[in-house]
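S.K.: got a predicted model here, sequence first, then my questions.
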Amino acid sequence: MLRHLAAVPVYRHDIYTRAALLEPHPHYRTLRSLGPVVWLPRHRLYALPRYAECKETLRDDGNFVSGHGVAANPLANRLSRGTTLNSDGGDHERRRKLVAHRLMPRALRSLGEDVDAQARRLVGDALERATVDAVSDLATALPLAVVPDLVGWPRGERGYLLEWAAATFDILGPANWRALKAVPRSLHMLRFARRLVRERTVLPGSMAEELLTAVDDGTLAVEEVPPLLIDYIAPSLDTTISAISSALFLFARHPQQWQLLRDDPSLLPNAVNEVVRFESPLRAFTRKLLHESTIGEAQLPAGARVLVMYASANRDEREWDAPDVFDIRNSAGRHVGFGSGAHACAGQGLARLETTAMLQALVERVERIDIVAEPKWAVNNIIHRLEHLPVRLIPA
Ligand code: HEM
């Protein structure tokens, strides 16, 4: 072990302190400059801060496995058993097939009009007010109006959904105070999902109902359903809230980019990719190494945990020209903000649909987005997103 570590540069800072979570890029930049693999002694993780190694690792899911969990602490890895995210090979394929088809482009087509209409309504309401919080009034309101219905979460039981979902991300960091504090709320969500399944109070026609039908048909065990519900509801809110609010933030800060998009709305798909590249909603997940392997010059022992740093890879100066410049003319489609390979985000079609719908609605009616008070960023081990973004929408 020591021989292996000698070849690997070491970074002694904690990249999960409040300050580092709020301003991660100086840490990421240093990590990338140290090498393709960097040992983080505080977290006992091999960090992969560069794009090429992140992508290779994500694509080698036979050796860099998810089945032992993708969190940076063993408790969360135990709690997330049974999810698509935490599984490998045949198990993973079977779980993914159960519901991911509902999020494929063809299935989403029928949802598209509704999402567009909801986005237009929200932008219309926002234009009638002097100022709005772009996070709660736009970025949160849209996913909340769409996703819980799709998954089948009962309408009267959504009060804690955002809090539970954020906690379910927080616990996936290292075993720090923030992760430990989030455990009760995350357990609450799991217990609630179990109750939904027991009482069958899910919405008709939803993903959850489809899973219960599979149970009735004998193709799925009933205890498999709650983790699968968590699998879809937990990552479907904060991530998209992050992308939509970061988009508003970036376009407010870069009015010339907003003008470019208004002049040429065919740049919308590019713009969504550039937002996810630039302000990657997910910071990093881990993989467990099955066999001893070499990355760069470093030999990593079997059983090691690597940290796949999506957000750092997306700013890697080896991969991107001017990575710290937000420019919607970039071809950012190869970013790893949605992951890559077998575990690439199953909900990215929906996330793109929602983010595009919001930007489209804004492009149609808004000439400028003005930030009217200091934005506030949320602190979460995994999710990078704004908590408040007070803005005034200036009508076209
Ligand atoms: C901008 C929004 C989103 C971002 C940036 C994002 C990011 C990611 C990333 C990076 C992964 C890969 C995890 C890994 O490598 O282990 C992932 C997986 C996943 N995401 Fe998303 N996500 C977003 C939205 C959504 C939505 C809306 C849903 C569901 C409706 C969703 C459901 C999932 C699921 C089920 C997986 C696990 C896939 C698997 O393990 O096969 N995500 N997401």
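M.R.: Ah, there it is. Note that the structure is predicted; figures quoted are calculated from it, not measured. Residues are numbered from 1 along each chain as shown.
S.K.: how about the strands in this structure?
M.R.: Listed in chain order, the strands of the chain (DSSP state E) span 38-40, 45-48, 64-65, 132-133, 285-289, 293-295, 298-300, 305-308, 366-371, 376-377, 386-388, 390-395.
S.K.: for the first one, packing partners?
M.R.: Other elements packing on strand 38-40 under the criterion 3 or more Cβ pairs under 8 Å, 6 or more residues apart in numbering; DSSP states H and E are strand 45-48. To be clear about C-beta, it is placed using only N, CA and C from the backbone, and glycine gets the same treatment.
S.K.: each with direction, which strands does the strand it packs on pair with?
M.R.: Partners of strand 45-48 in the sheet, by DSSP bridges, are strand 38-40 (antiparallel), strand 305-308 (parallel).
S.K.: is it in proximity to the ligand?
M.R.: No. Residues of strand 45-48 contacting the ligand under Cβ under 6 Å from any ligand atom: none, with a closest distance of 12.0 Å.
S.K.: what average pLDDT does that strand get?
M.R.: Here strand 45-48 scores 98 as its mean pLDDT.
S.K.: C-alpha coordinates for it, PDB please?
M.R.: Taking C-alpha atoms only, strand 45-48 is exported to PDB below (Å, rounded to 0.1, in the frame of the first residue of the first chain):
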ATOM      1  CA  LEU A  45     -10.000   8.600  -1.400                       C
ATOM      2  CA  TYR A  46      -8.000   8.700  -4.600                       C
ATOM      3  CA  ALA A  47      -9.300  11.800  -6.300                       C
ATOM      4  CA  LEU A  48      -9.600  11.900 -10.100                       C
END
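S.K.: now do that strand: everything it contacts.
M.R.: With Cβ atoms under 8 Å, 6 or more residues apart in numbering as the test, strand 45-48 has contacts from 8, 11, 15, 31, 36-40, 54, 57, 72, 174, 284, 286, 295, 298, 300, 304-309, 313.
S.K.: what residues does the stretch 251-396 of the chain have near the ligand?
M.R.: Counting by Cβ under 6 Å from any ligand atom, the stretch 251-396 of the chain comes close to the ligand at 276, 281-282, 285, 310, 337-339, 343, 345-348, 350-351.
S.K.: quick one: which of those residues sit in helices?
M.R.: Taking DSSP state H, the ones among these that sit in helices are Val276, Tyr310, Gln348, Leu350, Ala351.
S.K.: residues contacting the residue of the chain found nearest the ligand?
M.R.: Closest residue of the chain to the ligand, Cβ to the nearest ligand atom: Gly347 (2.0 Å). Applying Cβ under 8 Å, 6+ apart, we find Gly347 in contact with Leu103, Tyr232, Pro235, Ser236, Thr239.
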